[in-house]
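[1] Quick check, what structure comes out for this input:
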Amino acid sequence: MVCLITGSSRGLGKAVALAFGKRGHKVVVHFKDKQKEAEAVAAQIKEAMALKADVRRFDEVKILIEEVVKHWGGIDVLVNNAGITKEALLIKTSEKDFNEVLDTNLKGAFNFIRAVAPFMIEQKSGHIINISSFAGLKGKTGLSAYSASKAGLIGLTMSAARELCEYNIKVNAVLPGYMLTDMGIESNEKVKELALRDSLLKNFSDLDNVAEFVCYLAGTSGISGQVFNLDGRII
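    Next up is the predicted model:
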């Protein structure tokens, strides 16, 4: 399979890219700014390429998709992982910060789905996996923009699953749980404490476990329009 993972120069995206690579799949390591890190990830995979695009710009995304298709003939799996957050109470969140989070987390996924869908429709197969969040279902204090973007991503998943099912294209969402990636570590201590408190198992989500699940899900058939919570917190 040809697998494209957005935002895969570090964190969960990196773990997912390496997990696909370990299984012998061709991997596209996407980045926006961190070229050296992305190339380092690609170097650990037998067949991989590191490609740059700003997920907020459809023209750049379209060029990236076309380059992959030209090089490998198609794209079988798209994992929309790229995301950012801006922590602030709603009344202190600027319009600029709100737009930046929505444009990256939600519009970015829309851009990639819109660009890859015609090729998946033509090959009559594909699997799109959107990395959403527990915050998209429950909301989080200080994360209004992030929560809104991740809630929107779940809605986008459901609509895309309905529209693309007739072409044998599956679309699902995964909620990884709270992980100690760069984003998780940078969050304030109160957020971490609450995540642990609400977890039945009193632990954070394991990066490699999430990556393994994403790889497993990508290889399934007959599953679409679903939201998978990989967390010890009850929805």
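
[2] What segments of this structure are strands?
    With strands called from DSSP state E, the chain shows them at 2-5, 26-31, 48-52, 77-80, 126-131, 169-175, 227-229.

[3] can you tell which of the ones you listed is closest to E66?
    Comparing the strands of the chain by their distance to E66 (CB to CB), the top pick is strand 48-52, with 10.8 Å. Every C-beta, even on glycine, is put in place using the N, C-alpha and C of the backbone.

[4] Let me know which of the strands of the chain is tucked in deepest.
    Sort the strands of the chain by mean neighbour count, taking mean count of other CB atoms under 10 Å, and strand 77-80 sits at the top with a mean of 30.

[5] Tabulate the CA atom coordinates of it in CSV.
    Provided in CSV are the C-alpha atoms of strand 77-80 (Å, rounded to 0.1, in the frame of the first residue of the first chain):
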residue,chain,number,x,y,z
VAL,A,77,-4.2,5.3,2.7
LEU,A,78,-4.5,8.9,3.8
VAL,A,79,-4.0,9.6,7.5
ASN,A,80,-4.9,13.2,8.4
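
[6] residues in contact with it?
    1-6, 13, 16, 20, 25, 108-109, 112-113, 116, 126-131, 153, 214, 218 (CB atoms under 8 Å, 6 or more residues apart in numbering).

[7] For the chain, give me the ranges with low pLDDT.
    180-193, 195-202, 204 (pLDDT under 70).

[8] for it, what's the longest helix?
    The helix spanning the most residues in the chain, taking DSSP state H as the definition, is helix 144-164.

[9] Please report the distance of the residue lying closest to L207 once chain neighbours are set aside from V101.
    Leaving aside its chain neighbours, L207 sits nearest to A15 (4.9 Å; criterion: CB to CB, 6 or more residues apart in numbering). Here the criterion is CB to CB, to the nearest Å. By it, A15 lies 22 Å from V101.

[10] if I pick the residue nearest to the spatial centre of the chain, what's in contact with it?
    Nearest to the mean C-alpha position of the chain, by CA atoms, centre = their mean, lies N81 at 1.8 Å. Contacts were defined as CB under 8 Å, 6+ apart; by that measure N81 touches 5-8, 12-13, 16, 131.

[11] Mind checking which of those are in helices?
    Using DSSP H, these in helices are 12-13, 16.
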